[in-house]
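Participant: Predicted model and sequence below, questions to follow.
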Amino acid sequence: MTVQDIRAFNRFYTNVIGALDHSRHLYAPYTLTESRVLYELAHSPRTDAADLRTELSLDSGYLSRILTRFEQDGLVERSPSAQDPRRRRITLTAHGRETAALLAERSNEAVGSLLSAVPATDRLRLAEAMRTVREILSAKDHKGPADVLLREPGPGDLGWIVQRNAALYASEFGWNTDYEGLVARIVADFAEDHDPHLERVWIAELDGRPVGCVMCVRDEAPATARLRLLLVEPDARGLGIGDRLIGAVVDFARGVGYRDLVLWTNDVLAAARRLYQRHGFVLTAEKPHRSFGKDLVGQDWRLDLTGTPE
């Protein structure tokens, strides 16, 4: 590969996604850089001006002009940081959050339109190729748990949970489409009818893309929650994401008053089982079964939430 190869690819890709005419492409009055700043403000826990400048590698004067425009448009408010009065904390207004959500929706529609022209048989190959590019060029070794954001699902994220569960379990364990059907039913049940005070989904995001997920839903047993669909992308493993996702479920379930947290898994998922044990889950039952095209051993695990957390 030569420098010219990469430059040719950059020219091709920026043309495909409309990066050079971003505002017209999304019918929005903001450039690609301005839209990215809005995205960071909507999703990042670090919203000091200095953090934004570092995260986006922007010149301080350029970022200041962007924030001034946002302030004039009623999108942001600036105030001294509680941690360091010398720093400026940037927060989105209600209008800013609406604008960021609208831009995200239009971006999703644009990408969806782009993918609609890609045959279904090529989409997994395309996704894997893009992940490979990111993994090689993103200097993953410098990433750590602090770079991972746990957030609520946005438009398209629930569909991502179904797609990635199906693709990963087929690739890593050879499970058939029966598993995809199970995941689709679980996600559809949550999307159509859930109590936001007692049930939640978390998406783990790294560098602007989802890399993990988990769900907490009500179980049939009284005062019992169920942990479901824990997943971490292969290229994001080793950053403590699975541990953080499980911890989020445990803290949430305990905080809203559940007495027990249960889950069902299979013995082949050794890494996940070690995480469950680390959080205090206890194996309560095992049973062989034939599912997803494989002979498996199903396992029921339980965590008592009434004790004092460690």
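Facilitator: Sure thing, it's come through. Residues are numbered from 1 along each chain as shown.
Participant: which residues in the stretch 101-250 of the chain form strands?
Facilitator: Counting by DSSP state E, counting those that start in this stretch, the stretch 101-250 of the chain forms strands over residues 148-151, 200-206, 209-218, 224-232, given from the N-terminal end onward.
Participant: and the third one with strand 224-232, angle?
Facilitator: Here the directions of strand 209-218 and strand 224-232 differ by 170 degrees (axes from the mean of the first three to the mean of the last three C-alpha atoms, to 10 degrees).
Participant: ok, how many other residues are close to residue 194?
Facilitator: Applying the criterion other C-beta atoms under 10 Å, we find 16 residues in the vicinity of residue 194. Where you see a C-beta, it was placed from the backbone N, CA and C, and this is true even at glycine.
Participant: Just the pLDDT at it, thanks.
Facilitator: In this prediction, residue 194 carries a pLDDT score of 92.
Participant: how close does it get to residue 256?
Facilitator: Taking C-beta to C-beta, to the nearest Å as the criterion, residue 194 is separated from residue 256 by 13 Å.
Participant: What of residue 158?
Facilitator: From residue 158 over to residue 256 (counting by C-beta to C-beta), the distance is 21 Å.
Participant: quick one, which of the two is more surrounded?
Facilitator: Applying other C-beta under 10 Å to residue 158 and residue 256 shows that residue 158 carries more neighbours, namely 19 against 14.
Participant: And the pLDDT at that one?
Facilitator: For residue 158, pLDDT reads 96.
Participant: same thing with residue 70?
Facilitator: What the model reports as pLDDT for residue 70 is 91.
Participant: And for the one 10 residues further on?
Facilitator: In the prediction, the pLDDT value recorded for residue 80 is 79.
Participant: follow-up on the earlier one: nearest to residue 75, out of the strands of the stretch 101-250 of the chain?
Facilitator: When the strands of the stretch 101-250 of the chain are compared by C-beta to C-beta, strand 148-151 sits nearest residue 75, at 19.7 Å.
Participant: List the buried residues of the helix or strand hosting residue 65.
Facilitator: Counting by DSSP states H and E, the secondary-structure element that holds residue 65 is helix 60-72. The neighbour-count check on helix 60-72 (16 or more other C-beta atoms under 10 Å) flags 63, 66-67, 70 as buried.
Participant: out of those residues, who's nearest residue 262?
Facilitator: When the buried residues of helix 60-72 are compared for distance to residue 262 (C-beta to C-beta), residue 70 comes out closest, at 45.7 Å.
Participant: My guess is that closest one contacts residue 96. True?
Facilitator: Yes - at 7.0 Å, residue 70 counts as touching residue 96 under the criterion of C-beta atoms under 8 Å.
Participant: Need phi/psi at residue 306.
Facilitator: Dihedral pair for residue 306: phi -90, psi -20, per degrees, to the nearest 10.
Participant: need the buried residues of helix 60-72 in TSV with distance to residue 6, can you?
Facilitator: As requested, these are exported to TSV (distance: C-beta to C-beta, whole Å):
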residue	distance to residue 6
63	27
66	28
67	32
70	33
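Participant: Let me know the closest of these to residue 252.
Facilitator: Compare each of the buried residues of helix 60-72 with residue 252 using C-beta to C-beta and the shortest gap goes to residue 70, at 32.5 Å.
Participant: Nearest spatial neighbour of the closest one, chain-adjacent residues omitted?
Facilitator: The spatial neighbour of residue 70 that comes closest, neighbours along the chain excluded (C-beta to C-beta, 6 or more residues apart in numbering), is residue 76 at 4.4 Å.
Participant: Give the buried residues for the biggest helix by length in the chain.
Facilitator: When every helix of the chain is counted residue by residue (DSSP state H), the longest turns out to be helix 94-116. Residues of helix 94-116 classed as buried by neighbour count (16+ other C-beta under 10 Å): 96, 99-100, 103-104, 107, 110.
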